[in-house]
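A.B. asks: just coords:
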């Protein structure tokens with residue numbers, strides 16, 4: 001019996017995807033079998049992927065994490081995207097019991113007070129719903145790009161997520177923001193109007209601000225923290241593990 005090393009499998013997949021265009025990458029991954037899930041935050045990158053999934057009618061589940069604190073513009077974009085591409089975006093929400101427990105311990109906006117409290121909030125509103133969204137999945141597709149931040153500069157086309165025991169595919173890893181914007185313009189892809197107001201990266205309303213001239217794309221996320229590598233834990237194994245310990 002041949003035992004497949006998941007890390008080697010991911011490396012081989014990354015090599016294969018590097019030679020394909022975006023539609024080819026998504027089509028190839030969709031044809032590998034098993035449940036393939038794309039998690040969208042409705043940001044401009046994710047809208048490009050949703051457009052290709054809908055346009056090519058690919059058998060990929062499209063889901064979003066409805067944290068309960070998203071901007072109205074983000075929520076409106078869900079309906080617009082579903083209508084334009086005839087796809088269904090499944091929302092996964094946090095459990096009320098988890099929100100109540102968080103508020104009792106930290107306060108409803110306690111994430112401003114410490115990194116621990118902020119990570120705990122992300123754990124309740126993002127990581128736990130993500131676990132339900134990816135249940136039974138063999139492949140997880142994201143909109144990560146190398147140009148989004150220094151922390152993502154080495155993003156591969158595919159990698160093995162040991163925490164969740166699946167292949168994680170980043171089909172836009174080598175796309176820069178200019179290529180993203182050109183695709184959106186050429187294909188009339190609906191995007192969040194907040195992007196035009198200085199919000200290149202949009203998360204929860206209390207945790208997102210517009211960026212200043214010259215700042216990195218993700219500088220507006222959790223702006224009160226000093227660590228330039230700050231993440232919510234969705235894409236950083238160490239932070240995900242830390243959150244799991246806190247739960």
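C.D. replies: Now that the structure is in, tell me what you want to look at. Here the structure is a predicted model, which is why all the values come from computation and not from measurement. Numbering: from 1, shown residues only.
A.B. asks: which residues in the chain form helices?
C.D. replies: In the chain, helices defined by DSSP state H lie at 6-18, 22-30, 44-55, 72-85, 96-106, 115-122, 128-133, 177-187, 237-246, listed in chain order.
A.B. asks: So for the third one, mean pLDDT?
C.D. replies: Just to be clear, that refers to helix 44-55. Averaged over helix 44-55, pLDDT sits at 98.
A.B. asks: Quick check: chain neighbours aside, which residue is closest to residue 210?
C.D. replies: residue 198 (3.4 Å; Cβ to Cβ, 6 or more residues apart in numbering). C-beta coordinates here come from the backbone N, C-alpha and C atoms, glycine included.
A.B. asks: Residue 30 and residue 23, how far apart?
C.D. replies: 10 Å (Cβ to Cβ, to the nearest Å).
A.B. asks: Same check on residue 32?
C.D. replies: Distance check for residue 32 against residue 23: by Cβ to Cβ, it reads 16 Å.
A.B. asks: Tally up the residues packed near residue 185, please.
C.D. replies: 10 (other Cβ atoms under 10 Å).
A.B. asks: circling back to that earlier point, of all the helices of the chain, which one is nearest residue 160?
C.D. replies: Distance to residue 160, taken as Cβ to Cβ, is lowest for helix 6-18 among the helices of the chain, at 4.3 Å.
A.B. asks: What residues sit buried inside the closest one?
C.D. replies: Buried residues in helix 6-18, counting neighbours by 16 or more other Cβ atoms under 10 Å, are found at 10, 11, 13, 14, 17.
A.B. asks: Any chance you could list what contacts it?
C.D. replies: Applying Cβ atoms under 8 Å, 6 or more residues apart in numbering, the contact partners of helix 6-18 are 25, 28-29, 156-160, 162, 167-169, 171, 174.
A.B. asks: The same query, at a cut-off of 7 Å, please.
C.D. replies: Helix 6-18 is contacted by residues 25, 28, 156, 157, 158, 159, 160, 167, 171 when judged by Cβ atoms under 7 Å, 6 or more residues apart in numbering.
A.B. asks: for the last one, what are its contacts?
C.D. replies: Residues in contact with residue 171 (Cβ under 7 Å, 6+ apart) are 17, 22, 25, 26, 49, 141, 157.
A.B. asks: Please apply the same query to residue 34.
C.D. replies: So residue 34 contacts 138, 139 (Cβ under 7 Å, 6+ apart).
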